[in-house]
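Q: sharing a model prediction with you, sequence too.
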Amino acid sequence: MDGTTLNDDSQISPQTAETIRAAARQGYIVSIVTGRPNRLSENFYDDLKLETPMINFNGNLGILPHQEWNREYQYTIDKEIVTELLEKKASRSAFPSLPWRDETCSWPTAVLIPALAFSQAV
């Protein structure tokens, strides 16, 4: 969504929203697939009046918002693995060749997003 569907104000423009709704009316399957967590993308889902599954956390969560869905899934990381990664992060001994960022976001997205999904679910 960021850098594609959303504008510089992190909103869906009226023109983009109407284009997406028109595609859905014409029978195209329109679905939100994003790295964002569902709590930060459901508002766009609702604004667009979508009825299709939504994929979040870079594919780690598949849901049908506001409904039960027999194909819903969630991939998480075992709590022991998350704990070990966080301990190694603190010592910065894990993955020393990866580009470290500042203290607020030092893990690469591929590691951080599933770990956050797990830690928020516990």
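A: Sure, I can see it. Model, not experiment: these values are computed from the prediction.

Q: low-confidence regions, this structure specifically.
A: For the chain, the stretches flagged by pLDDT under 70 are 92-122.

Q: now do the strands in it.
A: 54-56, 61-63, 73-74 (DSSP state E).

Q: for the second one, packing partners?
A: Meaning strand 61-63. Judged by 3 or more CB pairs under 8 Å, 6 or more residues apart in numbering; DSSP states H and E, strand 61-63 is in contact with strand 54-56, strand 73-74. C-beta coordinates here come from the backbone N, C-alpha and C atoms, glycine included.

Q: any chance of those in CSV, with distance to residue 48 and mean neighbour count too?
A: Below are these laid out as CSV (distance: least, CB to CB, whole Å; neighbours: other CB atoms under 10 Å):
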stretch, distance to residue 48, mean neighbour count
strand 54-56, 10, 21
strand 73-74, 22, 12
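
Q: give the burial count for residue 77, as a bare number.
A: When neighbours are defined as other CB atoms under 10 Å, residue 77 has 16 of them.
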